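>>> sequence-free structure coming up:
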């Protein structure tokens with residue numbers, strides 16, 4: 001979040017330049033601006049919360065909801081469209097709400113539950129830790145790369 005705090009607000013709210021949107025960052029390929037990137041991460045973190053809550057209730061369900069299991073890019077597009085009226089500041093706020101939940105959820109598991117394979121039937125051959133990485137560390141890293149690329153492209157403009 002420090003990179004967001006240090007960046008010019010108008011740059012953060014500016015749409016990505018066309019050349020930049022063709023970057024090899026597939027996680028956010030449908031995003032047009034940083035708000036889209038942040039709300040994408042937020043929505044995936046909500047999936048993780050629901051995933052863990054269902055496991056804890058003894059009602060495990062797959063991570064990706066039924067209608068999108070075979071095409072999660074469609075789900076991403078639905079989520080992106082849902083957040084078109086979300087302000088950049090609100091997107092930051094939403095992510096600031098879910099991030100501590102991710103940390104608390106991670107801390108609620110034992111090392112065996114986090115790193116053991118097939119501990120939870122619904123994680124199949126993946127570890128629970130891998131699910132957390134996929135909604136925190138990986139997209140945070142990609143979002144930071146996207147932000148840096150965006151800011152560089154605006155300076156060249």
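Done, it's in. Fair warning: this is a prediction, and the values are worked out from it, not measured in the lab.
>>> can you tell me the helix or strand for the residue nearest in space to the middle of the chain?
Centroid-nearest residue in the chain: residue 41, 1.9 Å away (criterion: Cα atoms, centre = their mean). Residue 41 is located in helix 34-56, with elements delineated by DSSP states H and E.
>>> residue 68: what's it in contact with?
74, 75 (Cβ atoms under 8 Å, 6 or more residues apart in numbering). Every residue, glycine included, has its C-beta placed from N, CA and C.
>>> quick check: it vs residue 105, distance?
22 Å (Cβ to Cβ, to the nearest Å).
>>> how about residue 112?
In terms of Cβ to Cβ, residue 112 sits 16 Å off from residue 105.
>>> name the residue in the two with the higher neighbour count.
A direct count of neighbours by other Cβ atoms under 10 Å for residue 112 and residue 105 places residue 105 higher, at 20 against 9.
>>> please report phi then psi for the more buried one.
With angles defined as degrees, to the nearest 10, residue 105 sits at phi -60, psi -40.
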